[in-house]
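In: Just the structure for this:
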Amino acid sequence: MFENVNSRAFLKVATYFEGSLVIIAYIIGWFGDIDPLASLRPEFDALIKGLLGTIPLYLFFQFCYRLPIPTLHTIRRILIDRMGPMLEACHWSELLYLGLLAGFTEETLFRGVLQPLLESHWGWVAGLVLSNVLFALAHFITPLYAILVGLTGLYLGWAMDFGGERNLLTPIVIHAVYDFLAFIAVVQTYRSERGVAF
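Out: Model (predicted):
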């Protein structure tokens, strides 16, 4: 069924879909008078915080990915069966591109616009929670997966403000690197189940 997955077609669809999130972010930002990239600054410490901040999130992913609990096994099976063939068709550099793409576009929408917009009406805690309820719903595969994504979003929203000065670069880096590593893990599992070396 997935023997002839076309990585170019997959990457094109992913680019269009993820790219549309930036358009949505700017439309919402226009109505809410918020620049989606207002808090994005190319600072070295934000980059380092992002790289270091990926570690606990990825360790949690590995813990959940390997834990022999039926509901987690179902999520793992869905990831491998649905994403495995498409990700396996990609070169590692394309997986990195997908990670960077998702990190930039999703963080621009959820942390760049929705969180500050909701904060402006109901405060920091409500903005953090409500924006990540939306983040969870946007990633709904199973109820548990949505909860895990929502918790991840809370972590990303908190990381954006870690250290006292808001910088969107930190959650972008965490999200991008995390996705890249998770993609590799899915590909490794998919290939090992088919008896193919990584």
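
In: isn't Leu100 right up against Tyr178?
Out: No. Counting by CB atoms under 8 Å, Leu100 stays clear of Tyr178, with 11.5 Å between them. Just so you know, the C-beta spots here come from the backbone N, C-alpha and C atoms, and that holds for glycine as well.

In: ok, for the spatially most central residue of the chain, nearest residue in space, not its chain neighbours?
Out: The centroid of the chain falls nearest to His175 when counting by CA atoms, centre = their mean (4.7 Å). Nearest residue to His175, sequence neighbours excluded (CB to CB, 6 or more residues apart in numbering): Gly103, at 3.8 Å.

In: next helix or strand past the strand or helix carrying Leu72?
Out: Leu72 is located in helix 70-78, with elements delineated by DSSP states H and E. Later in the chain than helix 70-78, the nearest helix or strand by DSSP H and E is helix 84-88.

In: Going by neighbour count, which residues in the helix or strand that that next one is followed by are buried?
Out: Going down the chain from helix 84-88, the next helix or strand is helix 92-109, by DSSP H and E. The neighbour-count check on helix 92-109 (16 or more other CB atoms under 10 Å) flags 94-109 as buried.

In: among the residues you listed, which two are most distant?
Out: Greatest spatial distance among the buried residues of helix 92-109 (CB to CB): Glu94 and Leu109, at 22.5 Å.

In: Which residues are in contact with His73?
Out: For His73, the contact set (CB atoms under 8 Å, 6 or more residues apart in numbering) is empty.

In: what pLDDT does it get?
Out: We have a pLDDT of 93 for His73.

In: quick one: it and His139, what's the gap?
Out: Distance, His73 to His139, by CB to CB, to the nearest Å: 19 Å.

In: go on, Gly163?
Out: With CB to CB as the criterion, Gly163 and His139 are 27 Å apart.

In: neighbour count winner among the two?
Out: Remark: of Gly163 and His139, His139 carries more neighbours, 15 against 12, as counted by other CB atoms under 10 Å.

In: Can you report how many residues lie near the nearest residue in space to the more buried one that is not next to it in sequence?
Out: Closest residue to His139 apart from its sequence neighbours, by CB to CB, 6+ apart: Val149 at 4.2 Å. Per other CB under 10 Å, the neighbour tally for Val149 reads 18.
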